[in-house]
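>>> have a look at this prediction, sequence included:
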Amino acid sequence: MKKYKIELTVFLCGAISMMLELVAARVLSPYVGSSNLIWTTIIGVMLISMSIGYSIGGKIADKKKI
């Protein structure tokens with residue numbers, strides 16, 4: 001189990017982010033519809049957020065030399 005700890009973490013984070021995208025679309029659909037524009041916006045916001053988080057996490061990891 002310890003051998004696959006990182007792989008399992010990455011898999012679960014990806015699955016959770018996709019679930020959040022689906023939930024966001026379902027929550028927004030009564031108010032703004034569920035067109036391709038809405039899906040594109042949701043996916044874009046998720047990708048930008050993950051990119052910012054990865055960037056910040058990488059900078060923190062580079063500072064800590066374990």
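Everything's here; your move.
>>> below-threshold pLDDT in this structure: ranges please.
Applying pLDDT under 70 to the chain picks out residues 1, 66.
>>> what about the helices in this structure?
For the chain, the helices defined by DSSP state H occupy 5-32, 36-63.
>>> redo the ones you listed as TSV? Include mean neighbour count.
Yep, even glycine has a C-beta here, placed from its N, CA and C like the rest. Formatted as TSV, these follow (neighbours: other CB atoms under 10 Å):
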stretch	mean neighbour count
helix 5-32	11
helix 36-63	11
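>>> now do the contacts for the residue nearest the centre of the chain.
Ranked by distance to the mean C-alpha position of the chain (CA atoms, centre = their mean), the top residue is residue 17 at 4.0 Å. By CB atoms under 8 Å, 6 or more residues apart in numbering, the contact list for residue 17 reads 46, 50.
>>> at 6 Å what do you get?
By CB atoms under 6 Å, 6 or more residues apart in numbering, the contact list for residue 17 reads residue 46.
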